[in-house]
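1. A predicted structure for the sequence below; I have some questions about it.
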Amino acid sequence: MIRVQNLTKYYGERLAVDNISFEVSKGQIVGLLGPNAAGKTTTMRILTGYLMPTRGDAYIADCNMTTDSLEGRRHIGYMPESIPLYTDMKVRDYLTFFARLRGLDAERTRKRIDDVVEICHLEEYIDVIVGKLSKGFRQRVGIAQSIIHDPEVLILDEPTVGIDPIQVAQTRNLIKELGKEHTVLVSTHILPEVSIICERVIIIHRGKIVAEDNIENLSAILRGSRRIKVEVRGPADKIADALRRVPGVKRVAREGNYYIVESPAEVDPRSKITETVVKNGWNLLSAETIEMSLEEIFLQLTTNHEETEE
Ligand SMILES: Nc1ncnc2c1ncn2[C@@H]1O[C@H](COP(=O)(O)OP(=O)(O)OP(=O)(O)O)[C@@H](O)[C@H]1O
Ligand SMILES: [Mg+2]
């Protein structure tokens, strides 16, 4: 349904998308995960026919988006990164405007507005001016607008950015629901978000795909090792030595009064660490697992990727 082949995009000298290929089959929800400047928006803009690639092809429902974007766009609902939603129109008029723009006749427009208002839970807001809605609800209007013509493919660029946790949860549920009937490509830089919404994730970093897998396999890769930050008062060298001898511990690095203890993911050495520290009469102030930051995950994936390629 969505197919990207050797896609490359330069902005002047800057390489934004570097020879990426992927496919999303009908009915799948796929996450495009990557940090800022990874190339997510660029890829999506090419896929939706708003931007020409430097090289390569992007297909939606077998339409080549560089040569046949008019036809292709009929199959796509697109919610761009920044929705121009600061408008004086009421929600109903705003949706009507987009429905007519999409070529729906008056009757179909009325029908579809009823549908999307129900799907996006906008019933109470139908007569509210869009610009006066809270950000989360504006985001929902953005989604409603993108599905007004009932497209097969949905492309959503960071749909949960800048909204509060409750509305984030609701928006994620909404996308999951939409995924039952549509093929969805959703971009995000939030790792847990893809595991909630998506069946499969494509990780993109500096314009390149560094990993592509289902959530389960990917989590296993990412859970390769565990790190615990331990704060202990006492003789530093002895403490570090003792921690190194704790069963399951692979490495210990010292940062002031803190010790970063690394172990395989399946081992949790915290109770043994406590035992060791207490037995030696030192003072254990804290021991907590360090979550990997997205940047670290990318770093790890990038390195792994390069190693496996050679
Ligand atoms: N119109 C443009 N002109 C020049 N460079 C651009 C343009 N748009 C994007 N870039 C550059 O291309 C790279 C990829 O940008 P892109 O917006 O696709 O990233 P992104 O993954 O969507 O990031 P973000 O998470 O910040 O939205 C960045 O280095 C960016 O600075
Ligand atoms: Mg972006």
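-> Cool, got the structure. Numbers count the residues shown, from 1 in each chain. Ligands and ions are numbered 1, 2, ... in the order given.
2. how many other residues sit next to residue 124?
-> 10 (other C-beta atoms under 10 Å). To be clear about C-beta, it is placed using only N, CA and C from the backbone, and glycine gets the same treatment.
3. tell me where the stretch 51-200 of the chain has strands.
-> Remark: strands assigned in the stretch 51-200 of the chain by DSSP state E, counting those that start in this stretch are 55-60, 63-64, 76-79, 153-157, 183-188, 200-205.
4. quick one: closest of these to residue 194.
-> strand 200-205 (4.6 Å; C-beta to C-beta).
5. toward the C-terminus, what is the element adjacent to the closest one?
-> Scanning forward in sequence from strand 200-205 by DSSP states H and E, the next helix or strand is strand 208-214.
6. next, the angle from that following strand to strand 200-205.
-> 160 degrees (axes from the mean of the first three to the mean of the last three C-alpha atoms, to 10 degrees).
7. if you compare the strands of the stretch 51-200 of the chain, which one is most tucked away?
-> Stretch with highest mean neighbour count among the strands of the stretch 51-200 of the chain: strand 183-188 (a mean of 26; mean count of other C-beta atoms under 10 Å).
8. by contact count, what packs against it?
-> strand 14-24, strand 29-33, helix 40-47, strand 153-157, helix 165-179 (3 or more C-beta pairs under 8 Å, 6 or more residues apart in numbering; DSSP states H and E).
9. buried set for the last one?
-> Within helix 165-179, the residues that count as buried by 16 or more other C-beta atoms under 10 Å are 167-168, 170-172, 174-175, 178-179.
10. wait, which of those residues is closest to ligand 1?
-> residue 168 (16.4 Å; C-beta to the nearest ligand atom).
11. tell me how many other residues crowd the closest residue to that closest one other than its chain neighbours.
-> In space, and not counting its chain neighbours, residue 168 is closest to residue 160: 4.7 Å by C-beta to C-beta, 6 or more residues apart in numbering. By the criterion of other C-beta under 10 Å, residue 160 has 22 neighbours.
12. can I get the strands of the stretch 51-200 of the chain in a markdown table with distance to residue 263 and mean pLDDT?
-> Shown next, in a markdown table, are these (distance: least, C-beta to C-beta, whole Å; pLDDT from 0 to 100):
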| stretch | distance to residue 263 | mean pLDDT |
| --- | --- | --- |
| strand 55-60 | 43 | 97 |
| strand 63-64 | 50 | 96 |
| strand 76-79 | 42 | 94 |
| strand 153-157 | 38 | 96 |
| strand 183-188 | 30 | 95 |
| strand 200-205 | 25 | 90 |
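13. I'd like the ones you listed laid out as TSV, including distance to ligand 1.
-> Output for the strands of the stretch 51-200 of the chain, formatted as TSV (distance: least, C-beta to the nearest ligand atom, whole Å):
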stretch	distance to ligand 1
strand 55-60	14
strand 63-64	21
strand 76-79	13
strand 153-157	7
strand 183-188	7
strand 200-205	7
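14. got CSV for the ones you listed, with distance to ligand 2 too?
-> Formatted as CSV, the strands of the stretch 51-200 of the chain follow (distance: least, C-beta to the ion, whole Å):
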stretch, distance to ligand 2
strand 55-60, 16
strand 63-64, 23
strand 76-79, 12
strand 153-157, 6
strand 183-188, 7
strand 200-205, 11
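15. reformat those as a markdown table; add distance to residue 115.
-> What follows is the strands of the stretch 51-200 of the chain, written out as a markdown table (distance: least, C-beta to C-beta, whole Å):
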| stretch | distance to residue 115 |
| --- | --- |
| strand 55-60 | 22 |
| strand 63-64 | 25 |
| strand 76-79 | 13 |
| strand 153-157 | 15 |
| strand 183-188 | 17 |
| strand 200-205 | 28 |
